[in-house]
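Enquirer: The sequence and its predicted three-dimensional model are supplied below.
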Amino acid sequence: MNAQTPGSPSTSHYPTQTVKEKAETHTLSVLVDNEPGVLARVIGLFSGRGYNIESLTVSETEHLKHLSLITVVTTGTPMVIEQIKNQLDRLVPVHRVVDMTSTGNAIERELAMVKVAGKGENRVEALRLADAFRARVIDASTGSFVFEITGKSDKIEQFIALMLPLGLVEVARTGIAAIVRGPEAM
């Protein structure tokens, strides 16, 4: 057996330090049968393995075929994202799993309704900012507005942050919807 002396090169084939992979955020589109319990099974896959869901949207997209599209935004290392995709693919009611982030040509949007209460200058400033962000007034009273804003999540985050000091009361968000650019279907 070879004894190593301090300062001598290592003869081990194993790395002495593990390389930490950086967590990434990915948007996954999952085409599933529209039947009772499917969403619960997909959610159960995430919760059972300790994966976080940052955003979740689901709706029937093909009425005649009874198919729904689940859009899930999650964060993990590349290995974890690959595990999630493989495990989703194995669920019986799942027809297809597409990593919209990896395709590189996906369009992602979110809708939010933002309620702001205020009077005087704050009211005027809220309207001015809403116009700059292309947010629409969908409800107004003498003491508040409800704005509707669509766009990328970071745009919505910016708008909400700017509304905080102006009297932000409440926010309702839909979560991300995503679609691939071009003539092909997911």
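Expert: Cool, the structure landed.

Enquirer: Residue 147 pairs with what?
Expert: Taking DSSP bridges as the rule, residue 147 bridges to residue 114, residue 137.

Enquirer: Which residues does the top helix by length along the chain contact?
Expert: Secondary structure of the chain read by DSSP state H shows that its longest helix is helix 153-167. For helix 153-167, the external contacting residues (C-beta atoms under 8 Å, 6 or more residues apart in numbering) are 55, 108, 110, 112, 114, 116-118, 122, 125-126, 129-130, 133, 135, 144, 147, 149, 168, 171, 173, 176. The C-beta positions use only the backbone N, C-alpha and C, and glycine is treated the same way.

Enquirer: Which helix or strand lies directly C-terminal to it?
Expert: Tracing the chain C-terminally past helix 153-167 and defining elements by DSSP states H and E, one meets strand 168-180 next.

Enquirer: Convert that following strand to PDB, retaining C-alpha atoms only.
Expert: Written as PDB, here are the backbone C-alpha positions of strand 168-180 (Å, rounded to 0.1, in the frame of the first residue of the first chain):
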ATOM      1  CA  LEU A 168     -51.000  48.300  -3.300                       C
ATOM      2  CA  VAL A 169     -53.800  46.400  -1.700                       C
ATOM      3  CA  GLU A 170     -53.900  43.000  -3.500                       C
ATOM      4  CA  VAL A 171     -52.500  41.000  -6.400                       C
ATOM      5  CA  ALA A 172     -54.000  38.000  -8.200                       C
ATOM      6  CA  ARG A 173     -51.800  36.200 -10.700                       C
ATOM      7  CA  THR A 174     -52.500  33.400 -13.200                       C
ATOM      8  CA  GLY A 175     -49.100  31.800 -13.400                       C
ATOM      9  CA  ILE A 176     -47.100  31.400 -16.600                       C
ATOM     10  CA  ALA A 177     -48.600  30.200 -19.900                       C
ATOM     11  CA  ALA A 178     -46.000  29.200 -22.600                       C
ATOM     12  CA  ILE A 179     -46.000  28.200 -26.300                       C
ATOM     13  CA  VAL A 180     -43.300  27.400 -28.800                       C
END
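
Enquirer: still on that earlier bit, drop anything exposed from the contacts of helix 153-167.
Expert: 55, 108, 110, 112, 114, 116-118, 125-126, 129-130, 133, 135, 144, 147, 149, 168, 171, 173, 176 (16 or more other C-beta atoms under 10 Å).

Enquirer: quick check, distance from the worst-scoring helix or strand of the chain on mean pLDDT to the centre of its chain.
Expert: The helix or strand of the chain with the poorest confidence is helix 100-103; it has a mean of 91 (mean pLDDT, DSSP states H and E). Computed by C-alpha atoms, centre = their mean, to the nearest Å, the chain-centroid distance of helix 100-103 equals 12 Å.
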